[in-house]
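Chemist: any chance you could fold what I've pasted below:
(chains A and B)
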Amino acid sequence: AQTVTQSQPEMSVQEAETVTLSCTYDTSESDYYLFWYKQPPSRQMILVIRQEAYKQQNATENRFSVNFQKAAKSFSLKISDSQLGDAAMYFCASEEAGTYKYIFGTGTRLKVLA
Amino acid sequence: EAQVTQNPRYLITVTGKKLTVTCSQNMNHEYMSWYRQDPGLGLRQIYYSMNVEVTDKGDVPEGYKVSRKEKRNFPLILESPSPNQTSLYFCATAIPTSGTNEQFFGPGTRLTVL
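Modeler: Numbering: from 1, shown residues only, chains lettered A, B, ... in the order given. The predicted structure is shown next:
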């Protein structure tokens, strides 16, 4: 069965600094997708970044990048030049390709300090 | 504007009183899903549907029913709500053939069962 673990309930970062949110997962499948979602106080779920397991290159979206370590089953999110608007709950999620059964982690609340 | 809508956004009800939370999308997506979000537990999938008249259980289906009679709508039905179903509920959609597996989320429904 798929599992996703986020071991950091809460993190803080100074504005303009860099922060890394951790996520580990487990799956028996070789083809799967990994996601990071952001949930600001508005509660809207926003896709931040996604990674296909078969791609070795780490995904990047502007200030957001991932460190995908397939053998270690690790999928961390790095936020560079943190901004006040980055303050939110961040969820890591996985989906075994073709199943459309998504498993979410418990979330990491990120605080950005001015 | 492409969107997923949920109604109502907020609902307070009493134990045992049947209720329906509606979800509608205008993006012609085949896939739709329901999640519940609880503190410390992240998002958990309740039911999902790959297309009209096709529904499958997620991880926490007990106490819920769904139907998919038409592509754009995917209502969540609580026949006899109980206090442990107090939660934040999200509907999500996706295009299974898109290759991105990205889900688009509705704004959420906050349900309180007294």
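Chemist: shaky segments in chain B?
Modeler: Where chain B drops to pLDDT under 70, the residues are B:96-100.
Chemist: which residue packs closest to the one residue sitting closest to the centre of chain B, ignoring adjacent ones?
Modeler: Of all residues in chain B, the one closest to the mean position by Cα atoms, centre = their mean is B:W34, 2.8 Å from it. Ranked by Cβ to Cβ, 6 or more residues apart in numbering or on different chains and with sequence neighbours excluded, the top spatial neighbour of B:W34 is B:I46, at 4.3 Å. Yep, even glycine has a C-beta here, placed from its N, CA and C like the rest.
Chemist: any idea which helix or strand carries that neighbour?
Modeler: strand B:42-51 (DSSP states H and E).
Chemist: tell me the buried residues in that strand?
Modeler: Within strand B:42-51, the residues that count as buried by 16 or more other Cβ atoms under 10 Å in any protein chain shown are B:G42, B:L43, B:R44, B:Q45, B:I46, B:Y47, B:Y48, B:S49, B:M50.
Chemist: for stretch B:15-32, same thing?
Modeler: Buried-residue list, stretch B:15-32, by 16+ other Cβ under 10 Å: B:L19, B:V21, B:T22, B:C23, B:S24, B:Q25, B:H29, B:E30, B:Y31, B:M32.
Chemist: right, and the residue nearest to B:W34 touches B:M32 too?
Modeler: No: the pair B:I46 / B:M32 is not scored as a contact, 11.4 Å apart, by Cβ atoms under 8 Å.
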